[in-house]
Each structure stands twice: as structure tokens, then as C-alpha cells.
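Undergrad: With the input below, show me the fold.
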Amino acid sequence: MRTFIGIDFPKSLKEQIVEVQSFLKSISKKGRWKYIDNFHLTLKFLGEIEYEKVEKIRQALEKNLKDFSRFSLKISSCGYFKGHGNLRVVYLKPDGNLEKLNNLFTLVENAMVEIGFEREKREYTPHITIAQDVVLNEPFENFQKFVESFSFDEIPVEKVILFLSEEIDRKRVYTPIFDIELV
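TA: Residues are numbered from 1 along each chain as shown. A predicted model of the protein is given here:
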């Protein structure tokens, strides 16, 4: 099973992200567009795991997050990771209580290292992927200005979810396996 640990969003926020994604589509020659149900914030990509490991993951997260309180974030800007002749990933950037988000990331990371997963070597860069392999017709700054002027709902961070990531009918589908409620 291919899995990751992340934060899901309310449907209303996902619909707002689709509006922003539609603007990006309108100024692009091509791209691969994330589906509305797949917008999320990743805390830790686990990759392929055995089903038997799910309970160990649950126990480790419950132990490490038992006193962690809820908080919220806000989308305020965007960015991209470069590819060869394209924008490999276009994403929205969360803002707000990033210190608390980084603390949550660290607790999740430590919980997973305790049960045998590798520690992430790269610095945590929280981002919400909305498209991949994008080739623009206009400067990226036009999209950036649109995002910065958009009024997004808050992202409530109330639980951490272990997601199953699978391909069904040539479409990537993320299904919650379990969640850990924050206090």
C-alpha cells in the first residue's frame, strides 16, 4: 500500500482552490491538474508499506500527538518547483501558524522514525500541489497576483490522517485509512 500522512481540507476550501486552479489553466498551454478531492497538505510521505504496519503507525501517532492542540492556517501565496522547460509542480503556500505546523511535522517525523521509517533529509516545505508539468502562456507573476488577491477560507488543522494513495481507473485517489484527532 502506498501511503502518506497529511491534513485534509473542507470541501468549501477545495472548491476555492479549484477556482484558483481554473485561472492557472486559463493562462497555461498545458499541465496535469490535481483533482478536487486530492488537495491536501502532506506531513510525511511513507511510500509502500505492509498493511500490518498500519496499527504501529496509528499507535506511534497517538502517542506523539496526544497533547497537540488544534490550530489553523491560511493560504496566502503560491510558488513552483522548476522542471525541464516547465513548472514541475505549481503549489499554494500555507501561512499563519507555521511554527505550530513545523512542530506538528516534527512530531509526526519523530513518531515515524521511532517505528523504522527514514528521517526526511530535505527541509519541510509545506505546499498544496494544484498542478504538475505546467507550461504557461503568461508570466508566473500574473498567477501570483491572482492568488495573493484571492480570499481563501482558513485551513482548520483538527486531525492528522493516514491516507492510502492508489490509482483507480487511471486516476489517483486518496482514501483515509484512519485519523488522529488533535485536542
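Undergrad: Okay, now the sheet partners of the strand or helix carrying residue 73, with direction.
TA: If you go by DSSP states H and E, residue 73 is part of strand 71-82. Pairing partners of strand 71-82, with direction, according to DSSP bridges: strand 87-96 (antiparallel), strand 155-157 (antiparallel).
Undergrad: Which residues does the longest one contact?
TA: Strand 87-96 is contacted by residues 17, 20, 24, 31, 41, 71-83, 101, 126-136, 140, 143, 147, 154-155 when judged by Cβ atoms under 8 Å, 6 or more residues apart in numbering. Just so you know, the C-beta spots here come from the backbone N, C-alpha and C atoms, and that holds for glycine as well.
Undergrad: can you give me the helices for the protein?
TA: 11-26, 54-65, 98-114, 140-149 (DSSP state H).
Undergrad: Put together CSV for those, with mean pLDDT, mean neighbour count and distance to residue 162 on each row.
TA: CSV is the format used below for the helices of the chain (pLDDT from 0 to 100; neighbours: other Cβ atoms under 10 Å; distance: least, Cβ to Cβ, whole Å):
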stretch, mean pLDDT, mean neighbour count, distance to residue 162
helix 11-26, 98, 15, 20
helix 54-65, 98, 17, 6
helix 98-114, 98, 17, 10
helix 140-149, 98, 14, 29
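Undergrad: Of all these, which one is nearest residue 169?
TA: Nearest to residue 169 among those is helix 11-26; the distance by Cβ to Cβ comes to 20.3 Å.
Undergrad: if we can go back for a sec, quick check: angle from the strand holding residue 73 to helix 140-149?
TA: Strand 71-82 and helix 140-149 are oriented at 170 degrees to each other (axes from the mean of the first three to the mean of the last three Cα atoms, to 10 degrees).
Undergrad: circling back to that earlier point, can you tell me which of the contacts of strand 87-96 are buried?
TA: 17, 20, 24, 31, 41, 71, 73, 75, 78, 80, 101, 126-134, 136, 140, 143, 147, 155 (16 or more other Cβ atoms under 10 Å).
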